[in-house]
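K.L.:
All I have is the shape, not the residue letters:
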């Protein structure tokens, strides 16, 4: 994985901590609570699921439950 892609993924994860559904995210049709969002610098797309956004008091992590399922890179040529 190139440094550009790694940096874009890290920036995306930081953005998700601020807002689990960023302004440029789109819902994935037929999959409730799943979203697709672009990586910075147009390096690809990320598909992810947003779970419980209001965790209970016993949850040690106060943020939403986010599962990144797929990263589609745009910088890899088609063969």
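P.N.:
Thanks, I have the structure now. Remember, it's a predicted structure, so these values are computed and weren't measured experimentally.
K.L.:
number of nearby residues for residue 30?
P.N.:
6 (other CB atoms under 10 Å). C-beta coordinates here come from the backbone N, C-alpha and C atoms, glycine included.
K.L.:
which other residues reach stretch 8-22?
P.N.:
Contact partners of stretch 8-22, identified using CB atoms under 8 Å, 6 or more residues apart in numbering, comprise 35, 37, 39-41, 43-44, 46, 48, 50, 53, 63-64, 66, 68, 71.
K.L.:
hmm, try it at 7 Å
P.N.:
Applying CB atoms under 7 Å, 6 or more residues apart in numbering, the external contacts of stretch 8-22 come out as 35, 37, 39-41, 43, 46, 50, 53, 63-64, 66, 71.
K.L.:
Please spell out which residues along it are buried.
P.N.:
8, 9, 12, 16, 20, 21 (16 or more other CB atoms under 10 Å).
K.L.:
Can you lay out these as CSV showing distance to residue 27 and pLDDT?
P.N.:
Output for the buried residues of stretch 8-22, formatted as CSV (distance: CB to CB, whole Å; pLDDT from 0 to 100):
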residue, distance to residue 27, pLDDT
8, 22, 87
9, 21, 87
12, 17, 89
16, 15, 86
20, 13, 87
21, 9, 89
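K.L.:
Where helices are concerned, which of these count?
P.N.:
Among these, the residues falling in helices (DSSP state H) are 8, 9, 12, 16.
K.L.:
And the second one, how far from residue 32?
P.N.:
In other words, residue 9. 24 Å (CB to CB, to the nearest Å).
K.L.:
Next: the last one.
P.N.:
The span separating residue 16 from residue 32 equals 18 Å under the rule CB to CB.
K.L.:
thinking again about what came up before, farthest pair within the contacts of stretch 8-22?
P.N.:
Within the contacts of stretch 8-22, 41 and 53 form the most distant pair, 27.8 Å apart (CB to CB).
K.L.:
and the closest residue in space to residue 67 that isn't next to it in sequence, what is it in contact with?
P.N.:
In this structure, residue 67 finds its nearest non-sequential neighbour in residue 49, 4.5 Å apart by CB to CB, 6 or more residues apart in numbering. For residue 49, the contacting residues are 33, 34, 67, 69, by CB under 7 Å, 6+ apart.
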